[in-house]
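how would this look folded up:
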Amino acid sequence: IMAFGMDGDGDGRIDLFNDADAIFSIANYLKNFGWKPGINREQAYKAVFQYNHSKYYVNTVLKIVDLLEG
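Reported below is the predicted structural model:
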């Protein structure tokens, strides 16, 4: 997982307990597994499923995406 770690706050360290670093890192991870703007539901499901193999988790994340998109 640290292969996808990113320094989101620019302090020169990757600290996954730091909000900025954690957000940048998970975004990098999802991008590596196919997440990109405009992807369809199936592609989004597959990308999130690579992160967490729980169907409940994936469906919850995608529901939150729906709510944020309005």
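
any weak-confidence spans in the chain?
Within the chain, the stretches with pLDDT under 70 are 1.

spell out the residue ranges of the helices in it.
Assigned by DSSP state H, the chain shows helices spanning 19-32, 41-51, 55-69.

what sits up against the longest one?
In other words, helix 55-69. If you take CB atoms under 8 Å, 6 or more residues apart in numbering as the criterion, helix 55-69 is touched by R41, A44, Y45, V48, F49, N52. Backbone N, C-alpha and C define where each C-beta goes, glycine included.

equivalent analysis for stretch 39-49, please.
So stretch 39-49 is contacted by L30, F33, G34, W35, K55, Y57, V58, V61, L62, V65 (CB under 8 Å, 6+ apart).

mind checking how far the closest residue to the first one other than its chain neighbours is from K63?
If I follow you right, that is L30. Counting by CB to CB, 6 or more residues apart in numbering, L30 lies nearest to A47, which is 5.2 Å off, once chain neighbours are set aside. Using CB to CB, to the nearest Å, A47 is found at 15 Å from K63.

who's more crowded, those two?
Between A47 and K63, A47 has the larger neighbour count (other CB atoms under 10 Å), namely 20 against 10.

buried stuff in stretch 52-59?
Neighbour-count burial for stretch 52-59 flags V58 (criterion: 16 or more other CB atoms under 10 Å).

ignore what I typed, I meant stretch 27-38.
Buried residues in stretch 27-38, counted by 16+ other CB under 10 Å: Y29, L30, W35.

export it to PDB, keeping only CA atoms.
Taking Å, rounded to 0.1, in the frame of the first residue of the first chain, the C-alpha atoms of stretch 27-38 are listed here in PDB:
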ATOM      1  CA  ALA A  27      -6.900   8.900  -4.600                       C
ATOM      2  CA  ASN A  28      -3.600   7.700  -6.000                       C
ATOM      3  CA  TYR A  29      -4.500   4.100  -5.200                       C
ATOM      4  CA  LEU A  30      -7.900   4.400  -6.800                       C
ATOM      5  CA  LYS A  31      -6.500   6.100  -9.900                       C
ATOM      6  CA  ASN A  32      -4.000   3.300 -10.300                       C
ATOM      7  CA  PHE A  33      -6.900   0.800 -10.300                       C
ATOM      8  CA  GLY A  34      -8.900   2.600 -12.900                       C
ATOM      9  CA  TRP A  35     -10.800   5.500 -11.200                       C
ATOM     10  CA  LYS A  36     -11.000   8.500 -13.400                       C
ATOM     11  CA  PRO A  37     -13.500  11.300 -14.000                       C
ATOM     12  CA  GLY A  38     -16.600  10.100 -15.900                       C
END
